[in-house]
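Asks: please find the sequence and the predicted model below.
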Amino acid sequence: MADTARDFCEANGITGIRIDQDSKRWYPQGEFLASVLGFTNVDNAGVSGLELKYDDLLTGENGVVLTAVNAWGYTLEQSYETERFPTEGDGLRLTIDANIQHYLENALGYAVKEHHVAARAVGIVMDVNTGAVLAMSTSPRLRSPTRPRVLADKAAREAVEGLSGDERAAALQLGPADPVAEQGRQRPLRAGQRLQAHHLRGGAGHRGCEPKNSSFYCGESISVAGTRFHCANHKRHGSQTVTQALENSCNQSFIQIGARLGKEAFCDYFAAFGLREPTGVDLPAEPKKSLYYTADRMGPVELASCAFGQSSKISYMEMAAAVCAVVNGGRLMQPYLVSDILNPDGSILQHTEPVCRRQVIKPETSETMREMMEAVVLYGGGRNARIQGYRVGGKSGTSQKLDSADEKCPYCQLCGRGSHRRPAVFVSGVLGRTPQLDDCRRQPFSPVCAEVLEQTLVYKGVPRAVEPETDPDPAQTAADLPADGDSFDGA
C-alpha cells in the first residue's frame, strides 16, 4: 500500500506527502490470559503485567536506514544510505497451562454471572511443590487487551464518561489494566482459619502445645478482655476437637487456641508463612507489605480476632503461597510465572528453578493438615467441593473488610454497586498422593473450585478410585500431633 502511494506521488509530481511506519498489536486468542500478559502503550512499551515486568528483555531494537533528505523529506540523489538491521527481543516461556487457564476463566466467568458477584472473582491454580502458577484470572476483566485504555465494565465506563477534569482523570487511574497482578493480588483478604490449625502446636521451644484431639468449647459467645465474640450466625458448636473446629469454622475455638499459643508464637508463625512480605512473584505492582499486628501492638482482643482470621490484610498471592506450604510438606515456595527466558532463536537463555524460601512446618504436620482439610470437605463447610473418585481437602473462609467506613473500594465509586464488605475464599487440593495443585482463591463457591480441580485432574490423567473410598470416622481423622514444636528453620 505504501509503495503504491509513493509510486503515484512520483508519477504525478506530488510533493508534501510523507509516509510513516506504524505497528498494531494482534492478540490471536483475544482476551485469553490478558490480565497476566498485560499490554503496551502506543510506543510499544510495557505498562502492565508481564509486558511491564519483562519490558527490557522483550523489547528489541528497531532497524533504521540513515540517509540524507531535503527540507521536504525526500532523499537526495547524491546521498548514500546506511542500513542498521533490527534486533529481535527475547521471548518468555510461561508456567501457565493453557487448558487449565481455560478451565479457570470459564468457571470464574460463569460464577460471577450465576451468583451475582458484587465486585470480582479471583482464581489462582498453583503447583504446590514448585510454586509455578498454572493458571491465574480475574473476572470480570476491567479492560480488554485490544482496547486497554477503555474500561470493559459498562457501568464503570458510563460512570467515568459522566465525569470531567481531574475527577475523570482520577477515576481512570483507579482502574489498572492488570487486575490480576494488581487488584487481584492487592485486594484485602484475611488469613483464614485453615492456617491457624498449625498454630496450636507452637514453634520450637513454645510451650502450651496442643494435640489435635484437644477439646474446645463453643457456647453462645466468648468474652475476651470485655469484648464478646460469637460464631457466625450465633451458632453454638459445643465441645469440639481441633479437626471439628476446622470443619465448623468455629471462631470461639480458634480464639481459645490463639490464647493458648500466645501472641509471640502467633506472630512468629504469621511471619514464617510469608504473610509480612512480598512473595517475589514475577509480576509488577505486588504490595510491598501487608497490614498486620506485631506482638508489641497486639492485645488480647487483637490476638482473638487474628486467631480466627480477622484484622490482617494480605494479598491473594501471599495466601496462595502460604496454603501451598500447608499441604506440600511445609515448604514455603516462591511463586513464579516465567519458566524460561528464550533467545530469539528459541534456545533457552535462562531457566527458572523453584525456590524454597524456608521450611515453615514439619512434613508430618503438613500431612496432618491435609487430613484435617479432607475432613472439612467430608463433614464440614466444604462439602460442595467433593469430587467423585478423588480424595479432596479444602477450607472455606469469609471475613469483613478491615477498611474504615469512609475507605470504600475505589471501584464502588465507578460502578455504584456499593461497598464490598464480605470477601470470601475457598482453597482445595487433591489428597492421597503428593499434592500437585492448590486451587484457588476466589469468591465464593466451593463447587466452582471443585469444577476447575476435577477438569484439571482428568486432563492430567490422574485416575479416579475404582472403588468408592470409605469416609473416615470424624473422631479418628488423624493421629495426635507429637509434643515437640514445629521449626521455622530455612530449608
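Replies: On my side now, so go ahead. Residues are numbered from 1 along each chain as shown.
Asks: and the pLDDT for the nearest residue in space to residue 89 that is not next to it in sequence?
Replies: The shortest distance from residue 89 to any non-neighbouring residue, by C-beta to C-beta, 6 or more residues apart in numbering, is to residue 60 (3.7 Å). No exception for glycine: its C-beta is placed from N, CA and C like everyone else's. Residue 60 is assigned a pLDDT of 83 by the prediction.
Asks: and for residue 213?
Replies: Residue 213 is assigned a predicted lDDT (pLDDT) of 70.
Asks: mind checking the SS state of it?
Replies: At residue 213 the chain is in coil, as set by DSSP: H, G, I helix; E, B strand; the rest coil.
Asks: repeat for the one 10 residues further on
Replies: Three-state call for residue 223 (three-state DSSP): strand.
Asks: could you do residue 19 as well?
Replies: coil.
Asks: so it touches residue 2, yeah?
Replies: Yes - counting by C-beta atoms under 8 Å, residue 19 touches residue 2, with 5.1 Å between them.
Asks: quick one: the strands in the stretch 51-200 of the chain?
Replies: Listed in chain order, the strands of the stretch 51-200 of the chain (DSSP state E, counting those that start in this stretch) span residues 64-66, 82-84, 91-94, 121-126, 133-139, 143-144, 147-151.
Asks: ok, now which ones touch the residue nearest to residue 89?
Replies: 86-89, 344 (C-beta atoms under 8 Å, 6 or more residues apart in numbering).
Asks: export those to JSON lines and append columns for pLDDT, distance to residue 233 and neighbour count.
Replies: Converted to JSON lines, the contacts of residue 60 look like this (pLDDT from 0 to 100; distance: C-beta to C-beta, whole Å; neighbours: other C-beta atoms under 10 Å):
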{"residue": "86", "pLDDT": "82", "distance to residue 233": "65", "neighbour count": "10"}
{"residue": "87", "pLDDT": "85", "distance to residue 233": "63", "neighbour count": "11"}
{"residue": "88", "pLDDT": "89", "distance to residue 233": "60", "neighbour count": "11"}
{"residue": "89", "pLDDT": "91", "distance to residue 233": "56", "neighbour count": "15"}
{"residue": "344", "pLDDT": "92", "distance to residue 233": "60", "neighbour count": "12"}
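Asks: turn those into JSON lines, including distance to residue 282.
Replies: JSON lines is the format used below for the contacts of residue 60 (distance: C-beta to C-beta, whole Å):
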{"residue": "86", "distance to residue 282": "27"}
{"residue": "87", "distance to residue 282": "24"}
{"residue": "88", "distance to residue 282": "22"}
{"residue": "89", "distance to residue 282": "17"}
{"residue": "344", "distance to residue 282": "21"}
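Asks: closest one of those residues to residue 333?
Replies: residue 89 (29.0 Å; C-beta to C-beta).
Asks: distance of that closest one from residue 55?
Replies: According to C-beta to C-beta, to the nearest Å, residue 89 stands 9 Å off from residue 55.
Asks: same thing with residue 82?
Replies: For residue 82, the distance to residue 55 equals 28 Å [C-beta to C-beta].
Asks: quick one, which of these two is more surrounded?
Replies: Comparing residue 82 with residue 55 by other C-beta atoms under 10 Å, the one with more neighbours is residue 55, at 17 against 8.
Asks: now do the contacts for residue 37.
Replies: Taking C-beta under 8 Å, 6+ apart, we find residue 37 in contact with 49-51, 145.
Asks: below-threshold pLDDT in the stretch 351-491 of the chain: ranges please.
Replies: The stretch 351-491 of the chain contains residues with pLDDT under 70 at 398-426, 428-445, 466-491.
Asks: so where is the stretch 101-250 of the chain shaky, pLDDT-wise?
Replies: For the stretch 101-250 of the chain, the stretches with pLDDT under 70 are 117-119, 142-143, 151-157, 168-212.
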